[in-house]
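Participant: Fold the following, please.
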Amino acid sequence: MNKQDLIDFVATKTGMNKKDSGHAVDAVFDGIVSGLKADKDARFVGFGSFSVLATAARKGRNPRTGEEIAIAASNRPTFKPGKELKEAVNR
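Facilitator: Residues are numbered from 1 along each chain as shown. Model prediction:
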């Protein structure tokens with residue numbers, strides 16, 4: 001499923017037109033991103049939770065040349081599925 005498929009699904013499920021459904025989907029995504037940027041987790045009971053994981057700076061190797069390179073510290077978003085989502089997928 002891609003974003004347009006999700007917009008179509010929301011439009012069908014809610015009776016909204018596709019333009020308004022697109023705005024709703026964008027608003028949800030923007031809300032999740034805004035929360036993560038503010039160092040807050042986004043938790044949705046039954047669905048899962050989004051959080052930010054900080055990775056420390058480390059050294060790596062260029063696989064082509066074998067040269068050692070520095071990998072900068074970064075923050076990356078993570079998702080942990082909830083129990084109900086896991087069960088729904090495994091049925």
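Participant: which stretches of this protein form helices?
Facilitator: Assigned helices in the chain, in chain order: 3-14, 18-37, 83-89 (criterion: DSSP state H).
Participant: Identify the residues contacting stretch 2-13?
Facilitator: For stretch 2-13, the surrounding residues in contact (Cβ atoms under 8 Å, 6 or more residues apart in numbering) are 1, 16-18, 20-22, 24-25. In this view, the C-beta of every residue, glycine as well, is placed from N, C-alpha and C.
Participant: quick one: which of the helices of the chain is nearest residue 72?
Facilitator: Residue 72 sits nearest to helix 18-37 of all the helices of the chain, at 18.5 Å, using Cβ to Cβ.
Participant: between the closest one and helix 3-14, how big is the angle?
Facilitator: Interaxial angle of helix 18-37 relative to helix 3-14 (axes from the mean of the first three to the mean of the last three Cα atoms, to 10 degrees): 110 degrees.
Participant: Show me what counts as buried in helix 18-37.
Facilitator: 21-22, 25, 32, 35-36 (16 or more other Cβ atoms under 10 Å).
Participant: any idea how far residue 91 is from residue 85?
Facilitator: 11 Å (Cβ to Cβ, to the nearest Å).
Participant: ok, these two, which is more surrounded?
Facilitator: Counted by other Cβ atoms under 10 Å, residue 91 and residue 85 do not tie: residue 85 has more neighbours, with 15 against 4.
Participant: Show me the shaky parts of this structure.
Facilitator: Scanning the chain for pLDDT under 70 picks out no residues.
Participant: quick one, what contacts residue 45?
Facilitator: Residue 45 is in contact with residue 82, counting by Cβ under 8 Å, 6+ apart.
Participant: no no, residue 66
Facilitator: Contact analysis of residue 66 by Cβ under 8 Å, 6+ apart lists nothing.
Participant: Is it possible to get the helices of the chain out as CSV so that each row also shows distance to residue 55?
Facilitator: Below are the helices of the chain laid out as CSV (distance: least, Cβ to Cβ, whole Å):
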stretch, distance to residue 55
helix 3-14, 27
helix 18-37, 15
helix 83-89, 25
